[in-house]
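Asks: Sequence first, predicted coordinates after that:
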Amino acid sequence: MTDLRSVRRRSFLFVPGLRPDRFAKALETGADVVCIDLEDAVAPDRKDEARALSLPIYHEQRAARAEKALRINSIRSPEGIADIDAILKLETLPDALVLPKVRSADEVRIVADLLRSRPEPVALYVIIETAEGLERVAEIAEADPSIVALFIGAVDLSAELRVRPTWDALLYARSRIVHAAARAGVAVLDVPFLDLEDAAGLETEARRAAALGFTGKALIHPGHLAAIHAAFTPTAEEVAHARRIIAAFQESTTGLVVVDGKLIEKPVVREMERILLNAGTAA
């Protein structure tokens, strides 16, 4: 079975559900994941239209290398149920589904169980954007092996928490989501930076997110891709260091090695393997 979690997910590019013509171009940008959005990007009275326009695209673009995702509506809503029903009838499923406004682990399990009626594996992304979801995030993160990443949904979550969607106001929420993702062994993605003209602000926020433990960041414009990849891709020096540590542990019989004059214990190897994954290489 495909290891759904051993995929590099530094960048996650959203495409509006009513503009599937942009999907093919988005797949050529170099983004690790490209996602058609049937939820926030589509007005309530145009959901049927968006499904009709977007869902056939996954078969047409099935050979594209980037991971091809689809953000559906909440499965607590009629539109979300309609999305799942339509998806299960497709000739070719998306590589991944993005589940918004998740409040409980059971929501994830329901979708995962339905998808298992099809033979191909489908990864799940879970957006934490409700106060209830934030409270239960550790349980949600471990709801099903098909989960590959958590998202923070800053705008909706800030409204629920009665704060502005600023970095400082959401620092606790970001940290809690990062903690849950690390504990579950899944990726964790930061919210898109919405100011398309503020390049310095984007770079600062992306590097802040990486320092906090996020493994990638979503975006709504390909112009943000370079800054995001720079923030979440290890440097050549970091890759070389990771290779030295992994090689040293492969040769060691004690579980303790000294690299560059520093004593390093075996648990560090997991971090070094993650560095190589994010660099697009292998040990």
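Replies: Nice, I can see it.
Asks: For the rest of this, base every contact and every neighbour count on C-alpha atoms.
Replies: OK.
Asks: Quickly list the domain ranges of the chain.
Replies: Domain segmentation of the chain under the TED database yields 11-232, 236-276.
Asks: Compare these and report which one is nearest to Arg5.
Replies: Across these, Arg5 has its closest neighbour in domain 11-232 (5.3 Å, CA to CA).
Asks: any idea of the mean pLDDT in that closest one?
Replies: Mean per-residue pLDDT for domain 11-232: 96.
Asks: and it, how far out from the chain's middle?
Replies: Distance of domain 11-232 from its chain centroid, counting by CA atoms, centre = their mean, to the nearest Å, is 6 Å.
Asks: so Val258 sits right up against Glu251, yeah?
Replies: No. With contact defined as CA atoms under 8 Å, Val258 does not count as touching Glu251 (11.8 Å).
Asks: Tell me who's in contact with the nearest residue to Arg164 once chain neighbours are set aside.
Replies: Excluding its sequence neighbours, the residue lying closest to Arg164 (CA to CA, 6 or more residues apart in numbering) is Ser158, at 5.8 Å. Taking CA atoms under 8 Å, 6 or more residues apart in numbering as the criterion, Ser158 is in contact with 129, 164-165, 170.
Asks: Go through these and give me the one with the most neighbours.
Replies: Highest neighbour count within the contacts of Ser158: Glu129, with 24 neighbours (other CA atoms under 10 Å).
Asks: how close does that one get to Leu150?
Replies: Applying CA to CA, to the nearest Å, the value for Glu129 to Leu150 is 11 Å.
Asks: Ok, Asp3 next?
Replies: 17 Å.
Asks: do the same with Ser175
Replies: 12 Å.
Asks: Between the two, point out the one with more neighbours.
Replies: More crowded of Ser175 and Leu150, by other CA under 10 Å: Leu150, with 27 against 15.
Asks: A strand includes that one, no?
Replies: Yes. Per DSSP: H, G, I helix; E, B strand; the rest coil, Leu150 lies within a strand segment.
Asks: Between its first and last residues, what's the separation in stretch 142-160?
Replies: Stretch 142-160 stretches 23 Å from its first residue to its last (CA to CA).
Asks: Let's verify the residue nearest to Arg164: helix, strand, or coil?
Replies: helix.
Asks: which helix in the protein runs the most residues?
Replies: Longest helix of the chain, by residue count under DSSP state H: helix 236-251.
Asks: Check the offset of that helix from the chain's centre.
Replies: Helix 236-251 has its C-alpha centroid displaced from the chain centroid by 26 Å (CA atoms, centre = their mean).
Asks: With respect to burial, which of the domains of the chain scores highest?
Replies: Comparing those by mean neighbour count (mean count of other CA atoms under 10 Å), domain 11-232 ranks first with a mean of 19.
Asks: picking up where we left off before, tell me the average confidence for the helix or strand just after the longest helix of the chain?
Replies: Counting by DSSP states H and E, the element after helix 236-251 in chain order, helix or strand, is strand 256-259. In this model, strand 256-259 has a mean pLDDT of 81.
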